[in-house]
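model the structure of this input:
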Amino acid sequence: QLVESGGGLVQTGGSLRLSCAASGLTFRNYAMGWFRQAPGKERNFVAGISRSDDETIYRDSVKGRFTISRDNAKNTVYLQMNSLKPEDTAVYYCAARMGLPPSGIHNDYHYWGQGTQVTVSS
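I've put the predicted structure just below:
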């Protein structure tokens, strides 16, 4: 089970830190990813991190603003979001991928959280 938290309403230029707590799986064996879905749009990749925290990948539009990290002792993955823009508004989902490097492809992930809403006001 993956449970996201930390979403909310923030003004343009603000920051939020999303968390995703994992249970029922051996967290250290999974690469993790964050995706987002805006109303009426498809779910898009945001960031990914390898199971050993030695590789991260990002979509171009968030590079330099978002940072993905993980704490395997706490079974938690984070997404620090800075310099937020209205176009970052979406439901953010975390996902787990068994034993493989991070991927930007939705279908490569095996488990998904329920999502947390992020709204950036202009």
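
the nearest residue to residue 94 once chain neighbours are set aside: what secondary structure?
Among residues not flanking residue 94 along the chain, residue 20 sits closest, at 3.4 Å (C-beta to C-beta, 6 or more residues apart in numbering). Where C-beta positions appear, they are placed from N, C-alpha and C, glycine not excepted. Counting by DSSP: H, G, I helix; E, B strand; the rest coil, the backbone at residue 20 sits in strand.

mind telling me what element the spatially most central residue of the chain is part of?
The centre of the chain sits closest to residue 34, judged by C-alpha atoms, centre = their mean, with a distance of 2.4 Å. Here residue 34 sits within strand 30-37, counting by DSSP states H and E.

ok, now which ones touch residue 55?
49, 101-102 (C-beta atoms under 8 Å, 6 or more residues apart in numbering).

how close does it get to residue 103?
From residue 55 across to residue 103, the span is 11 Å (C-beta to C-beta, to the nearest Å).

can you give me the pLDDT of residue 53?
Note for residue 53: predicted pLDDT of 89.

now the one 5 residues further on
For residue 58, the pLDDT comes out at 98.

my guess is it meets residue 65, correct?
No. Using C-beta atoms under 8 Å, residue 58 makes no contact with residue 65, being 9.0 Å away.

these two: who's more crowded?
Neighbour totals were compared for residue 58 and residue 65, and residue 58 leads with 20 against 15 (other C-beta atoms under 10 Å).

now the residue nearest to the centre of the chain. Nearest residue, chain neighbours left out?
Distance criterion C-beta to C-beta, 6+ apart; nearest residue to residue 34, sequence neighbours excluded, is residue 46 at 4.3 Å.

for residue 68, see how far away the one you found is.
Distance from residue 46 to residue 68, counting by C-beta to C-beta: 8 Å.

so for residue 51, what's the nearest residue that isn't a sequence neighbour?
Per C-beta to C-beta, 6+ apart, closest to residue 51 is residue 31, 5.2 Å.
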